[in-house]
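Engineer: Could you work out the structure for the sequence below:
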Amino acid sequence: MKRYSTVIIGSGPCGYAAALGLIGAGQDIAIIDFGESPDVERTELRGSSTIALKGEGERARVFDYPSSMVVAGDFKHLPLSSARGGLSNIWGAGVLARSRTDCPELEPVFDGIEAGYGALFAEIPVIGCDDEISKRFPWPTISAAGPCSTRYSDFLSELHPDPQSDVLVGRARSAIDAAGERCIRCGLCLHGCPRDLFFSAGTAIREFASSDSCSLLTGPVTRLVPSRHEVVLELPFGKVRAERVILALGPVATPALLQRSGLVPKDLIVKDSAVFYTALLNSRRSLGDEWDVTSCQAALYSGRRGADDFQLALYESNPEYAERLAGVLPLLGGLLRPPEILTQRLNAGIGFLDSSVSGTLRLRFVGGRTVVNRQTARGTWDVARRVMQRVNSRLRGLGIKPVPGAILVPPPGSGYHSGASLPMGGDFVGFDGALRSSPLVYVADASSLPKVWAGSHTFTAMANAHRIASSIRID
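Structural biologist: The predicted structure is shown next:
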């Protein structure tokens, strides 16, 4: 049975950040990817979802976990926050280095998280620029502006700070390598960059493995068996021993593995940042390159924290919107053709809300597997409506106006922004990330965050994973 100093379970963003925090310490590190074992897929996988293009002619598949491990309560597809594959391996958007005042819940460990931000910025290329958003979210002083349509570039240049408004507007921050004019504005960034300019945790981990900085193993891990001096990891085709284990599987898979291992309660709640979709009418003149740049054109954030917080990304139109709308609402999709009408007039908005006004996911361990049930919150749609009223008051007179009532709020877990089932400083996990019932097991992904803020909290979870891993004492 192979023995390692430290095993990191999870090859996504937090797994990468934890590995980065350990490299250079001289440890014998192994990273376990879930893997795509043909035997597991063929016998247990119930299906997969096609979610987004990652290059011409190829779609990214987001897999459900084997139903012997995790299953949806309605026996349909799991929430996107539960899925593996696809976007869990790509981290390109929503790079928010939150301030100390923005995250008072993290005060006991914020110095370490701030150091984690610095370590990640040193390794990951990021684009953005100085604007209103920088007032709230700390940002490197030198950063390039990301791809943006001419229409939105003009819009942002005309947008001046408004001290009377609590809505901040600026460019999106993305982990994308735009150095050397590598971005060719091909228009496929709505789906992920086909030239692989977005930072990929999986690619970075494979580079670690190729340089012998770590071993890369194929999972999944079915159970953890901790003792006083080590942890045994059970896999479908063998066992692995480790002096310590760092869990970075994701907001559902991490607590589910701990439930299967009998290390946490059989009933847990995962918090969620509710996602909502909206439409905006853009009366600004079409300048011809709207289809060439379909990534986030403008990002809006609340100046208020807490329950009133929100994040909203505005996107230029793209012909694919008409295709998707036609699949969901045939009449509306038909009205939006020809595509030029869509491009000239209609923009899309994707927003996120604070977990205090969002639904949750309930994880119940029953019959040897974790059952995931969505629990909606009353009033979420009304909160999204009030957000769009605030946005309208900020954008009024600038040629972009929300369509009244055009707001769709899908069920909890639909936006990938979940976590906080095992918060640090709580009953089950200490501020060092160690599991109280088994101190050789560390929880280092979004599961250990104290709450879920509006929008992407990936960068904060990564900084915390780096802090936890780099703080582990090696005897």
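
Engineer: Where does V240 fall, secondary structure wise?
Structural biologist: Here V240, judged by DSSP states H and E, is contained in strand 238-247.

Engineer: Mind giving me the packing neighbours of that strand?
Structural biologist: strand 2-9, strand 29-33, strand 231-235, helix 253-260, strand 438-443, helix 458-471 (3 or more C-beta pairs under 8 Å, 6 or more residues apart in numbering; DSSP states H and E). Bear in mind the C-beta positions are built from the backbone N, C-alpha and C, glycine included.

Engineer: distance of the nearest residue in space to S213 that is not next to it in sequence from E207?
Structural biologist: Spatial nearest neighbour of S213, excluding adjacent residues (C-beta to C-beta, 6 or more residues apart in numbering): I23 at 5.2 Å. Look at I23 and E207: by C-beta to C-beta, to the nearest Å, they are 11 Å apart.

Engineer: ok, those two, which is more surrounded?
Structural biologist: I23 (16 against 11; other C-beta atoms under 10 Å).

Engineer: Tell me which residues touch that one, please.
Structural biologist: I29, F208, S213, C214 (C-beta atoms under 8 Å, 6 or more residues apart in numbering).

Engineer: Dump these to a markdown table, plus pLDDT and distance to G116.
Structural biologist: A markdown table is the format used below for the contacts of I23 (pLDDT from 0 to 100; distance: C-beta to C-beta, whole Å):
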| residue | pLDDT | distance to G116 |
| --- | --- | --- |
| I29 | 93 | 18 |
| F208 | 94 | 17 |
| S213 | 94 | 18 |
| C214 | 94 | 19 |
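
Engineer: Now flag whichever of the residues you listed is closest to R244.
Structural biologist: Of all the contacts of I23, R244 sits closest to I29, with 10.5 Å by C-beta to C-beta.

Engineer: For the closest one, give me its contacts.
Structural biologist: Contacts of I29 by C-beta under 8 Å, 6+ apart are Y4, S5, T6, V7, I8, A19, L22, I23, S213, C214, S215.

Engineer: any idea which of the residues you listed has the most stuff around it?
Structural biologist: Counting by other C-beta under 10 Å, top hit in the contacts of I29: I8 with 31 neighbours.

Engineer: For that one, name its beta-bridge partners.
Structural biologist: Taking DSSP bridges as the rule, I8 bridges to I31, I246.

Engineer: follow-up on the earlier one: between the helices and strands packed on strand 238-247, which one is closest to F110.
Structural biologist: helix 458-471 (9.5 Å).

Engineer: and the closest one, what does it pack onto?
Structural biologist: helix 13-22, helix 110-123, strand 238-247.

Engineer: Let me know which of the ones you listed is the nearest to S67.
Structural biologist: The nearest among these, by C-beta to C-beta, is strand 238-247 at 21.4 Å.

Engineer: could you give the angle of the helix or strand where L268 lies to helix 253-260?
Structural biologist: For L268, the element it lies in under DSSP H and E is strand 267-272. Relative orientation of strand 267-272 and helix 253-260, computed by axes from the mean of the first three to the mean of the last three C-alpha atoms, to 10 degrees: 180 degrees.

Engineer: Residue ranges in the chain under the pLDDT threshold?
Structural biologist: 35-63, 85-90, 141-142, 178-182, 187-192, 194, 318-343, 475 (pLDDT under 70).

Engineer: Tell me where it has helices.
Structural biologist: Listed in chain order, the helices found in the chain under DSSP state H are 13-22, 38-44, 110-123, 133-136, 150-158, 201-210, 253-260, 319-328, 330-335, 339-345, 380-395, 458-471.

Engineer: Looking at the ones you listed, which one is packed in the most?
Structural biologist: helix 13-22 (a mean of 29; mean count of other C-beta atoms under 10 Å).

Engineer: coming back round to it: with distance to L96 as extra columns, can I get the helices and strands packed on helix 458-471 in JSON lines?
Structural biologist: What follows is the helices and strands packed on helix 458-471, written out as JSON lines (distance: least, C-beta to C-beta, whole Å):
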{"stretch": "helix 13-22", "distance to L96": "13"}
{"stretch": "helix 110-123", "distance to L96": "10"}
{"stretch": "strand 238-247", "distance to L96": "23"}
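
Engineer: Of the ones you listed, which is nearest E158?
Structural biologist: Between the helices and strands packed on helix 458-471, helix 110-123 lies closest to E158; by C-beta to C-beta that is 30.0 Å.

Engineer: name the helices or strands packed onto the closest one?
Structural biologist: Using 3+ C-beta pairs under 8 Å, 6+ apart: helix 110-123 touches helix 13-22, helix 458-471.

Engineer: can you list the ones you listed in JSON lines and add distance to P265?
Structural biologist: Shown next, in JSON lines, are the helices and strands packed on helix 110-123 (distance: least, C-beta to C-beta, whole Å):
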{"stretch": "helix 13-22", "distance to P265": "22"}
{"stretch": "helix 458-471", "distance to P265": "22"}
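
Engineer: And these: which comes nearest R241?
Structural biologist: helix 13-22 (17.5 Å).

Engineer: Can you list the buried residues in stretch 65-73?
Structural biologist: Neighbour counts over stretch 65-73 (16 or more other C-beta atoms under 10 Å) mark Y65, P66, M69, V70, V71, A72, G73 as buried.

Engineer: quick one: contacts of it?
Structural biologist: Outside stretch 65-73, the residues that reach it (C-beta under 8 Å, 6+ apart) are 40, 44-46, 64, 78-79, 82, 84, 220, 222, 252-253, 256, 260, 368-374.

Engineer: returning to what we had before: with respect to L398, which of the helices and strands packed on helix 458-471 lies nearest?
Structural biologist: The nearest among the helices and strands packed on helix 458-471, by C-beta to C-beta, is helix 110-123 at 31.8 Å.

Engineer: chain center to the strand holding V240: distance?
Structural biologist: Distance of strand 238-247 from the chain centroid (C-alpha atoms, centre = their mean, to the nearest Å) equals 26 Å.

Engineer: Same check on stretch 154-170?
Structural biologist: On C-alpha atoms, centre = their mean, the centre of stretch 154-170 falls 26 Å from the chain's centre.

Engineer: What distance separates the opening and closing residues of that stretch?
Structural biologist: By C-alpha to C-alpha, to the nearest Å, the extent of stretch 154-170 from end to end equals 12 Å.

Engineer: Tell me the buried residues in that stretch?
Structural biologist: Buried, per 16+ other C-beta under 10 Å, within stretch 154-170: F155, L156, L159, V167, L168, V169, G170.

Engineer: what does stretch 286-294 give?
Structural biologist: Those would be S286, D289, E290, W291, D292, V293, T294, for stretch 286-294 by 16+ other C-beta under 10 Å.

Engineer: No further questions, thank you.
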